[in-house]
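Novice: here's a sequence, model it:
(one chain, ligands or ions: 1)
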Amino acid sequence: MKNVVVPDTLLDTLRKYQQEHLLEFRDRLDEAACQNLLRSLDQIDFPEVARLIESALKRSSSKETPTTTGAISPLRQVVRLPETEVQRKALQQAKRQGQEILDAGKVGAILVAGGQGSRLGFPHPKGMYPIGPVTDRSLFQIFFEQLVSLSNRHNVAIPYFIMTSDATHEETEQFLREHNWFGYPEKDVLLFRQGKLPAIDAHTGKILLAGPGEICMSPDGHGGLLQALKKSGLLDQMRQRGIEYLFYHQVDNPSVRLCDPAMLGFHAQHESELSTKVVAKRSPEERVGIVAEVDGVQQIIEYSDLDPELAAQRDEQGRLLYWAGNIAVHIFNRTLLEKLTLDQEGLPVHIAHKKVDCIDRNGEPVTPDEPNAFKFERFIFDAIPQAKNPLVLEVDRAAEFNPVKNRTGDDSPETARAALTSQAKSWLEKAGWEVNPEAIVEISPLVALDAEDLAELDLQIRPDQKEILLIPEQGDS
Ligand code: UTP
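Specialist: Residues are numbered from 1 along each chain as shown. Reported below is the predicted structural model:
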């Protein structure tokens, strides 16, 4: 460290915010490691972190305080799954309207892929996970093939904005490049990195060190999207490209219907600034955030914040009053994203009490048995209360929400693959084919995006076929 001078301004800042310990082990570092540490320190917004530390430590003395305060009531306005002929016609009408919006080139897509995917335990970015039931095609491939299909069909560019983090950026870029962006024009794939926030010691409020020259940092949550878009200049690009609507989705749901025309249509009809897809909760106990109203304003309430008694309430027909499970599929107006990034404070910060590996005051590694740290994240759905005419749309869970979250059990690769097969089977059956109940089925989005597309194709399926794979024939574009 002898050759590296620590700027006085940094020393003053560390002193002011009582974080001088971050340089305590600097004599153990070689010059490169030391420069690295100084760069990391330079990226921390200490005044902001001080505010976060203050609220985390306050909360630790009353840990049970929920982040949602106010009177909770059920959703008043929602487009439910169609049950009547009139509703089915409205859906078709919305779909046509959405297709016109796509034709006009006003739609872009946003994928948030910066998460660490710790529950799944896959040692690569989650989008690389092989999920195709027959071919093991990756989550990324499924999304890209949908966009290839849509942009060909509507003869427009649909820019794909992909948020990564330090943990996922390089590998994601390399993977997409190696696969030639799955046939999508490289100019329409825009990768950008989200920000990060430090983890702090839950007792002292000191920022934790992962090693003598390494600060414990983690991605700032999917709500980091807003600042990351602004900093990368991509909001300006959206405007210059004439994009008015951004379809937002997460990396873990292979059943997502990218840029769903019906959703776009309803969104435009309601003059909504932010729409959200929901599914009916399976049970009051299901651990999923719900969309409801708080003091009359639409909001997403985390499952841990919803009183179990409220969660169990039902209407006269026996249906859950708080039924609308959030599946993290949204449409944002570009102008709303712009407006939200003007707010200095930004979205609220959620505090999580977690186990974080670190080093102690003597520089010895610590692997805690109990939560020892506070981590900070922003959630994109906290934008909903700030949106005009927020719209909620109910969709069919089996068809649109089969996330890969856990290694085994619910929401695992096994359940997602089974759901993809059964969805593909139901499309084939709708198209008039008899399918072996045991068959494993995979349909590339390049071949069909829904059951209606399949009906138009000339297929050969045998009722005894055990494996059905529909991919474009060689030479098809
Ligand atoms: P999750 O809440 O499932 O978190 O993210 P995760 O980090 O992927 O997984 P676990 O909790 O560690 O197992 C939902 C979506 O938000 C993205 C993820 O990539 C995923 O698409 N995300 C999450 C980000 O882009 N950045 C973040 O900081 C957190």
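Novice: where does the closest residue to Asn253 other than its chain neighbours land in three-state SS?
Specialist: Using CB to CB, 6 or more residues apart in numbering and skipping the chain neighbours, the partner closest in space to Asn253 is Pro403 (4.7 Å). Quick note: C-beta positions are derived from backbone N, CA and C, even for glycine. Secondary structure state of Pro403, per DSSP: H, G, I helix; E, B strand; the rest coil, is coil.
Novice: can you read off the pLDDT for Pro403?
Specialist: pLDDT, Pro403: 97.
Novice: if I pick it, what's in contact with it?
Specialist: Taking CB atoms under 8 Å, 6 or more residues apart in numbering, we find Pro403 in contact with Gln250, Asp252, Asn253, Ile327, Asp411, Ala416.
Novice: now do Val297
Specialist: Going by CB under 8 Å, 6+ apart, the list of residues near Val297 reads Pro385.
Novice: look up how far Lys230 lies from it.
Specialist: Per CB to CB, to the nearest Å, Val297 is found 25 Å from Lys230.
Novice: next one: Leu459
Specialist: For Leu459 relative to Lys230 (CB to CB), the value is 47 Å.
Novice: quickly find the element holding the residue of the chain found nearest the ligand.
Specialist: Residue nearest to the ligand within the chain: Gly115 (2.3 Å; CB to the nearest ligand atom). Gly115 belongs to no helix or strand when assigned by DSSP states H and E.
Novice: just give me the neighbour total for Thr135.
Specialist: Applying other CB atoms under 10 Å, we find 13 residues neighbouring Thr135.
Novice: just confirm it contacts Leu469, I think it does.
Specialist: Yes - using CB atoms under 8 Å, Thr135 is in contact with Leu469, at 6.5 Å.
Novice: list residues touching both of those two?
Specialist: Glu442.
Novice: interface residues of the stretch 201-350 of the chain facing the ligand?
Specialist: Pro219, Asp220, Gly221, His222, Gly224, Gln250, Val251, Asp252 (CB under 6 Å from any ligand atom).
Novice: contact partners for the third one?
Specialist: The reference is to Gly221. His350, Phe376, Glu377, Arg378, Phe379, Ile380.
Novice: could I get the residues you listed as CSV with pLDDT, neighbour count and secondary structure?
Specialist: Shown next, in CSV, are the contacts of Gly221 (pLDDT from 0 to 100; neighbours: other CB atoms under 10 Å; DSSP: H, G, I helix; E, B strand; the rest coil):
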residue, pLDDT, neighbour count, secondary structure
His350, 92, 15, strand
Phe376, 95, 22, strand
Glu377, 95, 18, strand
Arg378, 95, 22, strand
Phe379, 96, 20, coil
Ile380, 97, 23, helix
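Novice: in this protein, which strand is the longest?
Specialist: The longest strand of the chain (DSSP state E) is strand 324-333.
Novice: list the buried residues for that strand?
Specialist: Ala324, Gly325, Asn326, Ile327, Ala328, Val329, His330, Ile331, Phe332, Asn333 (16 or more other CB atoms under 10 Å).
Novice: can you check stretch 179-188 too?
Specialist: Trp181, Phe182, Tyr184, Asp188.
Novice: neighbouring contacts of it?
Specialist: Applying CB under 8 Å, 6+ apart, the contact partners of stretch 179-188 are 140-141, 144-145, 147-148, 151, 157-160, 176, 189.
Novice: gap between it and the chain center?
Specialist: Put simply, stretch 179-188 sits 21 Å off its chain's centre (CA atoms, centre = their mean, to the nearest Å).
Novice: before we move on, back to that, sort out for me which of the contacts of stretch 179-188 are in helices.
Specialist: Among the contacts of stretch 179-188, the members falling in helices (DSSP state H) are Phe140, Gln141, Phe144, Glu145, Leu147, Val148, Ser151, Leu176.
Novice: what ranges does the stretch 251-400 of the chain have for its helices?
Specialist: Taking DSSP state H, counting those that start in this stretch to define them, one finds helices in the stretch 251-400 of the chain at 261-269, 308-311, 334-342, 397-400.
Novice: off-centre distance for the first one?
Specialist: Translated: helix 261-269. Relative to its parent chain, helix 261-269 has a centroid offset of 21 Å by CA atoms, centre = their mean.
Novice: what packs against it?
Specialist: Counting by 3 or more CB pairs under 8 Å, 6 or more residues apart in numbering; DSSP states H and E, the packing neighbours recorded for helix 261-269 are helix 85-103, strand 245-250, strand 274-280, strand 324-333, strand 391-394.
Novice: want to throw those into a markdown table with mean pLDDT?
Specialist: Formatted as a markdown table, the helices and strands packed on helix 261-269 follow (pLDDT from 0 to 100):
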| stretch | mean pLDDT |
| --- | --- |
| helix 85-103 | 98 |
| strand 245-250 | 98 |
| strand 274-280 | 98 |
| strand 324-333 | 98 |
| strand 391-394 | 98 |
